[in-house]
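Asker: Okay, here's the prediction I keep looking at, along with the sequence it came from:
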Amino acid sequence: MAYGKIKADTLTWDNGGTDTDLSISGIPTPADLAAKLGTADIGVTVQGYDADTAKLDVAQTFTATQTLTDPAIIGTILEDVYTITDGAAFEIDPGNGSVQLITLGASRTPLATNFANGEAVTLMVDDGTAYTLTWTDATFGGSGVVWKTNAGVAPTLNTSGYTVITLWKVGGQVYGARVGDA
């Protein structure tokens with residue numbers, strides 16, 4: 001026969017050496033107790049509560065310490081769109097959003113200081129009036145961006161509208177590809 005026992009601040013289940021799941025129901029949460037007592041600060045501690053566990057019935061905000069493994073996403077993912085402030089050595093930072101826009105005020109040499117392996121950005125560049133981008137900064141890895149389109153050469157920017165470029169980092173190197181026709 002298996003015995004349950006409460007010991008100090010933990011609940012253990014001794015099932016003769018066989019692991020089983022133990023389910024306890026009917027225990028009120030601190031929020032339930034606060035609602036019943038009319039106060040939000042009741043000094044209740046719930047042992048074993050895991051703040052990193054996703055809950056099915058409430059909206060969640062995940063942090064860098066939480067991981068989704070093989071998630072099934074239903075619907076469209078809403079990506080952050082960020083407008084970069086033009087400058088001599090502007091930063092393309094994936095932390096600002098996965099879609100980034102810039103209108104150039106002169107020819108520039110962008111940086112990728114904060115790119116981590118596995119991150120990607122879709123960059124939409126409005127060249128202003130025939131400006132260019134130089135992609136040779138070492139923050140992209142090696143001697144700059146490794147281009148996977150246009151025979152390995154950096155793309156020429158459209159003279160009107162946006163030029164769309166995808167950048168991604170793998171193995172410490174940022175790769176790039178122009179999206180669409182020149």
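Answerer: Ah, there it is. Numbers count the residues shown, from 1 in each chain.
Asker: where are the low-confidence patches of this structure?
Answerer: 1-27, 30, 33-34, 38-57, 182 (pLDDT under 70).
Asker: what about the helices in it?
Answerer: Along the chain, counting by DSSP state H, helices occupy 30-37.
Asker: how about Gly142, what does it touch?
Answerer: Gln173 (Cβ atoms under 8 Å, 6 or more residues apart in numbering). No exception for glycine: its C-beta is placed from N, CA and C like everyone else's.
Asker: For it, give its distance to Thr65.
Answerer: Counting by Cβ to Cβ, to the nearest Å, the separation of Gly142 from Thr65 is 32 Å.
Asker: Next: Ser143.
Answerer: Going from Ser143 to Thr65 by Cβ to Cβ gives 35 Å.
Asker: Please apply the same query to Pro110.
Answerer: Between Pro110 and Thr65 the distance is 30 Å, computed by Cβ to Cβ.
Asker: who's more crowded, these two?
Answerer: Between Pro110 and Thr65, counting by other Cβ atoms under 10 Å, Pro110 is the more crowded of the two (24 against 7).
Asker: these two touch, right, the more buried one and Glu91?
Answerer: Yes: in this structure Pro110 lies within contact range of Glu91 using Cβ atoms under 8 Å: 7.2 Å.
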